[in-house]
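> here is a sequence with its predicted model. Questions after.
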Amino acid sequence: MGVAIRLQRFGARHTPYFRIVVADRRSPRDGKFVERVGTYDPVPKQDGTKVCSLDFTRINYWLSVGAQPTERVSMLLGMAGVLPPYPKRKLGGPRTLPKTKK
């Protein structure tokens, strides 16, 4: 059984709220999960901060037994110091590069 640490979406339209859960890879995004290990509110507060609460002991346990975090969760765990910082994405796609003369 492949286990993933991923986000589960809640909240109304245009105001998302996420739970960070440990779930089987085959289950749907908002389906059954094994354990809830944190929350993430991406909507900035009035002072510009975003709230993320994590249960570090349970996350470290699940990582030690082989759970794979998704890209977004690994970015959050990198900012929290649980994992190494997630590498920044390169913005130089084919549409953003300057045109060269042939």
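Structure received.
> surely S74 meets V82?
No: assessed by CB atoms under 8 Å, S74 is found out of contact with V82, at 9.2 Å. For every residue, glycine as well, the C-beta is placed using N, CA and C.
> below-threshold pLDDT in the chain: ranges please.
Residues of the chain that meet the criterion pLDDT under 70 lie in 1, 89-99, 102.
> now do the strands in it.
Secondary structure of the chain by DSSP state E: the strands cover 3-12, 15-24, 35-41, 51-54, 68-69.
> now distance to Y86 and mean neighbour count too, for those, in TSV please.
Below are those laid out as TSV (distance: least, CB to CB, whole Å; neighbours: other CB atoms under 10 Å):
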stretch	distance to Y86	mean neighbour count
strand 3-12	13	16
strand 15-24	15	18
strand 35-41	14	18
strand 51-54	14	14
strand 68-69	10	18
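> relative to K88, which of these is closest?
For the strands of the chain, the distance to K88 is smallest for strand 68-69, at 17.1 Å, taking CB to CB.
> quick one: strands adjacent to the closest one?
Strand pairing for strand 68-69, using DSSP bridges, gives strand 3-12 (parallel).
> quick check, distance from the partner strand to the centre of its chain.
With CA atoms, centre = their mean, to the nearest Å as the basis, strand 3-12 stands 8 Å off its chain's centre.
> same deal with stretch 49-69?
Counting by CA atoms, centre = their mean, stretch 49-69 is centred 10 Å from the centre of its parent chain.
> cool, stretch 60-79 as well?
With CA atoms, centre = their mean as the basis, stretch 60-79 stands 8 Å off its chain's centre.
> neighbouring contacts of it?
Outside stretch 60-79, the residues that touch it by CB atoms under 8 Å, 6 or more residues apart in numbering are 2-7, 20, 22, 25, 35, 37, 40, 52, 54, 59, 82-86.
> give the buried residues for that stretch.
62-63, 67, 69, 73-77 (16 or more other CB atoms under 10 Å).
> of the residues you listed, just say which sits nearest to G48.
G48 lies nearest to L76 out of the buried residues of stretch 60-79, by CB to CB, at 17.2 Å.
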